[in-house]
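J.: Provide a 3D model corresponding to the input given below.
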Amino acid sequence: MIYSRFDRLNASLRTSDLDAVILNPGPTLTYISGLHFHLMERPVVFLFAKDQDPAIVLPELELQKVVSLPYKLQVFSYPENPAEWDAAFRKAVQALGLEGKRIGVEPRQLRLLEFRHVKNGAPEAEYPDASDVLSGLRLKKDQAEVEAMRRAVKIAQDALEATIPFIKIGMTEQELSSELVVQLLRHGSQPEMPFAPIVSSGPNSANPHASPTERKLQAGDLLVVDWGATADGYISDLTRTLAVGEVDAEYEKIHKIVQDANAAGRAASKPGVPCANVDRAAREVIEKSGYGAYFTHRTGHGIGMEGHEEPYMRGDNMQLLEPGMAFTVEPGIYLPGRNGVRIEDNVVITDTGVDVLSDMPREIRVVG
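T.: Got it, this is the predicted structure:
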């Protein structure tokens, strides 16, 4: 599998104006190389040059990670003394003949720390944006990736089902979020989850990206739970909105509108259809109901090794959906200072339609 990814990256470089790309710890490095590193004060850089064996610069303490790889990797290690780090980067750049060449970078991932060391090794090189070369590599998931996301969805759904019996009026958002994290781990999520669960109630639920607070759940609240799990390095990202006891008729109404918008967005998700159509299908339902001003974000975003990646379900995005593309469908209505609703599912485009990975009930559910 790694060899095929090397081949795809090499083919992408051949059709670009780049001679190489550099990657630091993150999803793309792991996807390409199968290696896992975390961002720290010691820089790690993977260098992939066109038609050459790749190279890596890393601290000596990480050498065990590269001793038995199934592919040839040129390894340049450095000791603890930072004064000696640039020498390792210089050797790597010279081994690949990159001085004066065009070395692409991943702008959302590469830090100034790593960039400075590479640039010190190749001061005459150019460092353009490599997004176009890299973005297509992870865009379409293969069957193994889809199955990992399906497992992540199941873990997440099972964890929330196990958490719901604990929900009581008077418990805080933070208490509920903590219980959900425990259940995610118990049900099999990898410890590095895609994001900290969003648990927001009442007025806080009108903030799409709220953080759990000490606010206590009250009767009449809508309760937004946005959570996910990680399985084999791939994530899920789901949202359900619950009712804490009996809620006002308007809140039941907007919940049903969002439920219908979610269904419309999923129905519009087909191969050959622009991403914009998914957004428009969901948004049209909410706008026709009179709540269009309260749907304040795009309808979805890509998922895979990251919680947010391409493709993006925006009204202006004419990128065509293709088999293997995985993304969220998550319309919402947010009434400032009152309550909010979001319902989010994870889907993958197939040859003939869409595979909806999540199946937890979307109807309003009374808890507490």
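J.: next up, the contacts around A281.
T.: Contacts for A281 (Cβ atoms under 8 Å, 6 or more residues apart in numbering) come out as 264-265, 267-268. To be clear about C-beta, it is placed using only N, CA and C from the backbone, and glycine gets the same treatment.
J.: closest to M305 among those residues?
T.: Nearest to M305 out of these is G265 (Cβ to Cβ; 23.1 Å).
J.: for the strand or helix carrying the closest one, buried residues please.
T.: G265 belongs to helix 249-267 when assigned by DSSP states H and E. For helix 249-267, burial by neighbour count (16 or more other Cβ atoms under 10 Å) applies to 251, 254-255, 257-266.
J.: please state the mean pLDDT value computed over it.
T.: For helix 249-267, the mean per-residue pLDDT is 98.
J.: and it, what does it pack against?
T.: Contact here means 3 or more Cβ pairs under 8 Å, 6 or more residues apart in numbering; DSSP states H and E; on that basis helix 249-267 packs against strand 238-244, helix 275-288, strand 326-329, strand 332-335, strand 339-342, strand 345-349.
J.: make it 7 Å
T.: Where contact means 3 or more Cβ pairs under 7 Å, 6 or more residues apart in numbering; DSSP states H and E, helix 249-267 is packed against helix 275-288, strand 326-329, strand 332-335, strand 339-342, strand 345-349.
J.: which one of those lies closest to S201?
T.: Nearest of the helices and strands packed on helix 249-267 (Cβ to Cβ): strand 339-342, 8.6 Å.
J.: for that closest one, which strands pair with it and how are they oriented?
T.: Using DSSP bridges, the strands paired with strand 339-342 are strand 332-335 (antiparallel).
J.: how far does the partner strand sit from its chain's centre?
T.: 23 Å (Cα atoms, centre = their mean, to the nearest Å).
J.: ok so, going back, would CSV of the helices and strands packed on helix 249-267 with mean pLDDT and distance to T213 be doable?
T.: Listed next are the helices and strands packed on helix 249-267 as CSV, based on pLDDT from 0 to 100; distance: least, Cβ to Cβ, whole Å:
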stretch, mean pLDDT, distance to T213
helix 275-288, 98, 27
strand 326-329, 98, 24
strand 332-335, 98, 17
strand 339-342, 98, 15
strand 345-349, 98, 26
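J.: okay if I get these as CSV plus distance to H36?
T.: Below are the helices and strands packed on helix 249-267 laid out as CSV (distance: least, Cβ to Cβ, whole Å):
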stretch, distance to H36
helix 275-288, 31
strand 326-329, 21
strand 332-335, 34
strand 339-342, 32
strand 345-349, 23
